[in-house]
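In: fold the following and give me the result.
(chains A and B)
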Amino acid sequence: MKRRKHTREFTIWNVMTIICFSFFAFFFLYPLLRMIIGGIYVDGKFNFDSYKKFFTSRYYMSAVANSFKIALTSTCISIVTGTTYAMIMRHVKIKGKKLIDVLLLVSTITPPFLGGYSWILLGGRVGYFTKFINKLFGIQFPGIYGFWGIIFTFVVGSTATMYMYISGALKNLDSSLVEAAENLGCRGLRKIIKIYIPLILPTVLSTALLSFMRAFADFGTAELIGEGYHVLGGLIYSSYLGEVYRDGAMASALSSITLAFTAIIFMIQRYFATRKNVEMNSLHPIEQKDYKGIKGILAHAYIYFMTTLSILPILTVTYNSFQKSAGQVFVDGQYSLDSYAKAFSRMGKAISRTYIFGFAALALILVIGIITSYANVRHRSTITKTVDTLTFFPFIVPGAVLGIATILAFNGKPFYLTGTSIIIIAIWVIRRLPYTIRSSTSVLHQIGASVEEASQSLGANGIHTFFKVTLPMMFAGILPGALLSWVSCITELSSSLFVYNNKNMTMSIAIYTQILKGNMGIASAMSTILLVSAATVLTILFTSSKGKMDFGL
Amino acid sequence: MTVTINIEHAKKVYDNNNVVIPDLSVVIKPGEFFTLLGPSGCGKTTLLRMIAGFNTIEGGEIKFDDRVINNLPPYKRNIGMVFQNYAVFPHMTTRENVAFGLKERKIKEPELSQRVDDMLKMVQIEELADRIPSNMSGGQQQRIALARAIVIQPDVLLMDEPLSNLDAKLRVEMRSVIRHIQQQADITTVYVTHDQEEALAISDRIAVMNKGVIQQVDNPVNIYRHPVNLFTATFMGQSNLVRCSLDGKKGTLIGTDQSYEFNRINDDCTEKEAIICIRPKDLKFADKGIKGTVKERVFFGTDIHYTIETGAGELLLSCSVNDPLHEVGETVFLEVEKDVVNLFTTDENGTTLMKR
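Out: So this is what the prediction gives:
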């Protein structure tokens, strides 16, 4: 008896999955494999010199230790700050909550290097705050450099992200659970430890992973604020793009080792997260209450303080962009639009290019994401399952590692793609694909099969059903995530930095190079343009979803 | 236009060699309201989805009249289906939902609007025509689903527990709406439910299913009054099962000294032992009979249920609220409605011993 499972439609979806996968394999698996092999197979023979050098050299090992220290410390602190933030926002009526939500959302799109750069302007040796504090107290505060400077920048950057995800989890926590606990005599701190923490732990863990990965593989911030505090990300960057020498084998080895570390961290996180997983579906979300007196003041103070910290980098950059600048320094008290004029005349191409690339990448992400997730949910087979698993890997590959892998694979025979638009778009697609596939998979599970069955029973064949019923229903669910993907794409730096030249330079690369060249005015103006456009998209998203946001993972 | 559904030796095996339906045959007559009734996991929804085309068929044939539909994809079967969770398209208005199937069939204006409007009127949701269903009540959504399934004039209407997500009052209301519309449209209908009361109220005929096997197919009255086996008898509401020794038609309830002459027993019955299935309504308080003590009394409004400790075990008795009350601890005597109760064999099949 022929099984209906293997119908024409089943075959079509599997073939489509394979087509999507070949794109993914070519731009992700192939470069990654070449990179891993490149670290141990040099000039036609096996050569472990790079690894030997790595594991015997104090210099390299201390970089690993430094990266771990930074990632672990900043993640732990931002778990505390972010959870506190979310708990207050969920329980206390904060004045101006809507504005705060928008501000935080905007702050999460600030590229990390931009955060580092503005914190130097604010708290560096000659920063506004440093000068102010030193004048006020008559001390010699040296500015926020070194280890704690890096930590500070990361914590400020991660708190908003932490808050958004944890707040989502708290929204799903039914108030009756808390009431039941109180009813059984569990109050105060015990209530938080026994009820809240176990229930939001999976979300906290997955967000912590996000922040850990970001900090672990970062190089921009450490480069700017660290002042000699060397980290793994910086080593990768300088081993290949450094001014001194180009060592492909060493870059490969360093990237492979970094990848191994992130993979291990990921597996540890997964192990705990899946064991602690809980299903929640809230009918009665916790209600925000008015807190009077000292409690209310403290709550407001904390929220306002953290929000201000989060958006200060953006405010600084925007303010600077309207200042008159003379090369490295801004002239106090004089304002002009010169920076914008220069930005448009010198970098106009980069601006329009960024948007074109961004929308091209978004379209590709949506097509590939929807096809692979739909095939895997509704026409599951070994093929779709494998593809689904493999497409998650970019999540654990740090941007710099992907950048190294891509340039090693496409900077020579047989594929010369460095400097093309294709390579930038491909990198963006690969980096965002895991998020889109996850979110559309969960949307598909929510929709359930019966609506599609209803459509089929009414006479619509598989293709009609997909386009008339499934796709429109999915769209509302994946749109927020897709727009967020678009924003992350146009602010992406750590991978694209490796494969750019003048023909495919995007805004974030342009900003970074302008900062390095010392053209602070142009950098600020371009950053403002980038942030305003991203903020516009997010505002549209925020108002159209009426505050009901769900960004998938 | 109405069709006969002919199911011959249908077999369903799931991927892990789990046989859900071993060999099932039944004929569903044209225009009939046919209900598949059984506990969860008995294979009733599986069978319905085989007819709909969402489940594969591993053996036998399913025919609409003489047409074998085994390998026909769902969208070519011309069926209307109503789902437990309504499955109303949330991105379309009521009107668009109902028009969906007609548009797939390339029905043009003005016929399209005419048929949609008539249908909306029939299920009484004209005033919701241009609204999006997301904020509608379960009853309203289910009306849309019903209209959407019937407007395409399907050969067969399939309903998978359509009322189980509704509250009790709405369930009764929708029950009569469905029955009324089905009769008006004259469509062969297969209805799946686990609620025996619903099945009895709505159906022309009922198939009681257990473990993938049809136990009995009959009209509601016969299913209730003349169950062919113990499974069907006990599935139709609460019952007291009491063992009795049998001598011809004379049965003695074990644990009591009461014997009855059960006239409806088969004339050639040779069993020496049997199980009597006594519905709570078929026990009456009397001056003599089975002696017992009232252990518990539960007040339901129109009915009162008594649990009575007797020599034959605990027996449940149901009587009208207007009958004289008995107190907990009181000694009472019970009489069995001997011409109504059914007797079954004591083997695992529990086959009926009664005449029809």
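In: in chain B, which ranges drop under the pLDDT threshold?
Out: Judged against pLDDT under 70, the low-scoring parts of chain B cover residues B:1.
In: close to chain A: what parts of it are there?
Out: Taking C-beta under 8 Å from any C-beta of the partner chain as the contact definition, chain B meets chain A at B:52-54, B:56-59, B:71, B:73-81, B:83-85, B:87-91, B:100-101, B:104-105, B:145, B:148-149, B:152, B:158. Where C-beta positions appear, they are placed from N, C-alpha and C, glycine not excepted.
In: next step: the residues you listed restricted to helices.
Out: Among these, the subset assigned to helices under DSSP state H consists of B:52, B:100-101, B:104, B:145, B:148-149.
In: okay, now the domains of chain B?
Out: As assigned by automatic domain parsing, chain B contains the domains B:5-229, B:231-344.
In: wait, which of those is closest to A:Asn411?
Out: Using C-beta to C-beta as the criterion, the shortest distance between A:Asn411 and the domains of chain B is 46.5 Å, found for domain B:5-229.
In: gap between the closest one and the chain center?
Out: Shown here is domain B:5-229, whose average C-alpha point lies 13 Å from the average C-alpha point of the whole chain (C-alpha atoms, centre = their mean, to the nearest Å).
In: also stretch A:85-97?
Out: Here the centre of mass of C-alpha atoms in stretch A:85-97, compared against the chain's by C-alpha atoms, centre = their mean, lies 24 Å away.
In: other residues contacting that stretch?
Out: Residues from elsewhere that reach stretch A:85-97, judged by C-beta atoms under 8 Å, 6 or more residues apart in numbering or on different chains: A:100, A:159, A:162-163, A:166-167, A:170-171, A:192, A:196, A:286, A:288-291, A:295-296, A:299-300, A:302-303, A:306.
In: which residues does the residue nearest the centre of chain B contact?
Out: When chain B is reduced to its mean C-alpha position, the closest residue under C-alpha atoms, centre = their mean turns out to be B:Ala199, at 3.2 Å. Contacts were defined as C-beta under 8 Å, 6+ apart; by that measure B:Ala199 touches B:35, B:37, B:191, B:193, B:206, B:220.
In: is it true that A:Phe219 touches A:Tyr240?
Out: No - under the criterion of C-beta atoms under 8 Å, A:Phe219 lies out of contact with A:Tyr240, with a separation of 11.6 Å.
In: the two: which is more packed in?
Out: A:Phe219 (26 against 22; other C-beta atoms under 10 Å in any protein chain shown).
In: quick one, what contacts the residue lying closest to that one once chain neighbours are set aside?
Out: Using C-beta to C-beta, 6 or more residues apart in numbering or on different chains and skipping residues adjacent in sequence, the residue nearest A:Phe219 is A:Gly233, 3.3 Å away. A:Gly233 makes contact with A:67, A:216-219, A:222, A:258, A:398, A:400, A:494, according to C-beta under 8 Å, 6+ apart.
In: can I get the residues you listed in CSV with distance to A:Leu136 and secondary structure?
Out: Formatted as CSV, those follow (distance: C-beta to C-beta, whole Å; DSSP: H, G, I helix; E, B strand; the rest coil):
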residue, distance to A:Leu136, secondary structure
A:Ser67, 36, helix
A:Phe216, 37, helix
A:Ala217, 38, coil
A:Asp218, 32, coil
A:Phe219, 34, coil
A:Ala222, 30, helix
A:Thr258, 43, helix
A:Pro398, 41, coil
A:Ala400, 40, helix
A:Ser494, 38, coil
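In: now list the buried members of the contacts of stretch A:85-97.
Out: The neighbour count (16 or more other C-beta atoms under 10 Å in any protein chain shown) marks A:100, A:159, A:162-163, A:166-167, A:170-171, A:196, A:286, A:291, A:296, A:299-300, A:302-303, A:306 as buried among the contacts of stretch A:85-97.
In: now the one residue in the stretch 251-356 of chain B that gets nearest to chain A: which helix or strand?
Out: Among all residues of the stretch 251-356 of chain B, B:Val298 sits closest to chain A, at 28.8 Å; criterion: C-beta to the nearest C-beta. Remark: B:Val298 resides in strand B:290-299, with elements defined by DSSP states H and E.
In: any idea how far the following helix or strand past that strand is from the middle of the chain?
Out: Toward the C-terminus, strand B:290-299 is succeeded by strand B:303-310 as the next helix or strand (DSSP H and E). Here strand B:303-310 is found 27 Å from its chain centre; the criterion is C-alpha atoms, centre = their mean.
In: mind listing which of the buried ones among the contacts of stretch A:85-97 are in helices?
Out: Applying DSSP H to the buried ones among the contacts of stretch A:85-97, the entries found in helices are A:100, A:159, A:162-163, A:166-167, A:170-171, A:296, A:299-300, A:302-303, A:306.
In: list the contacts of the closest residue to chain A within the stretch 151-300 of chain B.
Out: Sorted by distance to chain A under C-beta to the nearest C-beta, the residues of the stretch 151-300 of chain B start with B:Ile152, at 6.1 Å. With contact set as C-beta under 8 Å, 6+ apart, B:Ile152 has these partners: A:458-459, B:78, B:80, B:101-102, B:105.
In: next SSE after the longest helix anywhere in chain B?
Out: Across chain B, the helix with the greatest residue count (assigned by DSSP H) is helix B:168-185. Elements were assigned by DSSP H and E; along the chain past helix B:168-185, the next helix or strand is strand B:188-193.
In: contacts for that following strand?
Out: Applying C-beta under 8 Å, 6+ apart, the external contacts of strand B:188-193 come out as B:2-5, B:28-37, B:44-45, B:48, B:51, B:155-164, B:182, B:199, B:202-203.
In: can you tell me, leaving aside adjacent residues, what's nearest to B:Gln142?
Out: Nearest residue to B:Gln142, sequence neighbours excluded (C-beta to C-beta, 6+ apart): B:Tyr86, at 5.5 Å.
In: show me the contacts for the one you found.
Out: For B:Tyr86, the residues meeting the contact criterion (C-beta under 8 Å, 6+ apart) are B:138, B:141-142, B:144-145, B:165.
In: give me the residue from chain A nearest chain B.
Out: For chain A, the residue closest to chain B is A:Leu458, as judged by C-beta to the nearest C-beta, at 3.4 Å.
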